[in-house]
Each structure stands twice: as C-alpha cells, then as structure tokens.
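A.B. asks: Give me the fold of what follows.
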Amino acid sequence: MQDIKFPVQLDFNISTFANDFTAYDADEKVIAYVKQKLFKLKEDISVFSDASQSKTNYKIKANKWLDFNTAYDFHNAEGKVFGKVVRKGWKSIWKAEYQIVNEHEKTIYQINEENPWTKVLDRFAGEIPILNFFTGYLFNPSYILKDLQGKEIVRLKKMPSFWGKKFEIDELQPLDGSNDDRILLGLMMMILLERHRG
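C.D. replies: Residues are numbered from 1 along each chain as shown. Below is the predicted model:
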C-alpha cells in the first residue's frame, strides 16, 4: 500500500459475522479488504487486495496472548515481519495510545486519541435507553499519528453513522513513501481494537 490517494475510507461490513472492512482511496478504488479471524485468543488479521480474498498482501498477528501490552506484527506476502503496532498498556484505558515500530524495533510514529472525553461520554450515553441508539452520530473519536518530532502526519476519524461503521484517514503531511504500509496497517489494526468506542 504505497502512493495512496487520500482521504482513505474504511467501511465496516455489518452484514457478516466477521470483523471486516473495505478500504477505498480518494478515487473509490479498493486498496484493501481487511478481515479478522473470529474466536482466536490471539488476533489474526488478513489484509487482502480486495473482497474476493484471492490475494493476501499482509498479515497482522498478535505476538502475546491476552495482554495489555500486546504488539501486532506486520507480515508481508512472503511472511517476513517488517514492523508492528504496539498498544501502550494501561495508558490506553483512559486515552488510546499506540506506537508504530519499524523492522529494527525502532519507534517511528505515535498514535494518540485526540479527545478521551469522547469515549467517556459515549460510554455514559450508551447506558441510557433510546439515547444509546444515537451514540454513533453524537460521539465520533479521532486519532492523530505523529512522527518523533511531534509533526502531525495523518488523522483517523470516525464519521457519523448509525452503526459506527465508517472511518476516514486524512493526510495532514505528505507521506514519504517508505512507511506508507506501516502507517496504514497500524491504523487499521488500531481501529479494529478501538472501533466500539463511539
């Protein structure tokens, strides 16, 4: 996934039992179909070229079993690990925080939830009868990916929708082409974990 035309749309499929979505670029061209295997103690995600599932471009696999500090390894089509996204344990309970790491185990990007109060309000409203049906329109979290100098590179945000199924990735700074796949895979894995907030 290099030289992507932004914004990228992530559209979750609510008609299947799988946790899956399709990613489209700005020209509405399918750039990935992402599917998480169900009933796995360790997350196992396949990133296909399209919904036919005929070609697997990437795999994302958890490297720990049910742990707050789980890292999710990125595997290319040949099975080689070329990076990972790491959830920052207890910090993520209040405010989602992740790091993207390259193949040399060096952190290259940080992902942070912009406003943690969105999550709090969503959970509170979700307990109120009738109002809980509209939280997908009322509370829409967003996440910022920054480089190590603090420069904002991309924003992932939930779009207002009844079932909370649409997300958008906007480019804030031009990507250099060397880490595009790590950035997109990191955001895709993060949203699989975070999408039920808001």
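A.B. asks: From now on I want contacts and neighbour counts done on CA atoms only, so please keep to that.
C.D. replies: OK.
A.B. asks: so where is the protein shaky, pLDDT-wise?
C.D. replies: Low-confidence segments of the chain, defined by pLDDT under 70: 16-17, 40-41, 64-68, 89-94, 116-139, 162-164, 196-198.
A.B. asks: Strands of this structure, residue ranges please.
C.D. replies: 8-12, 19-24, 30-36, 44-48, 56-62, 71-75, 81-87, 97-102, 107-113, 142-147, 152-158, 166-171 (DSSP state E).
A.B. asks: what bridges to Ala23?
C.D. replies: On the basis of DSSP bridges, Ala23 is bridged to Leu10, Ala32.
A.B. asks: Reformat the strands of the chain as a markdown table; add distance to Asn179.
C.D. replies: A markdown table is the format used below for these (distance: least, CA to CA, whole Å):
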| stretch | distance to Asn179 |
| --- | --- |
| strand 8-12 | 16 |
| strand 19-24 | 18 |
| strand 30-36 | 16 |
| strand 44-48 | 17 |
| strand 56-62 | 14 |
| strand 71-75 | 12 |
| strand 81-87 | 10 |
| strand 97-102 | 9 |
| strand 107-113 | 9 |
| strand 142-147 | 11 |
| strand 152-158 | 11 |
| strand 166-171 | 13 |
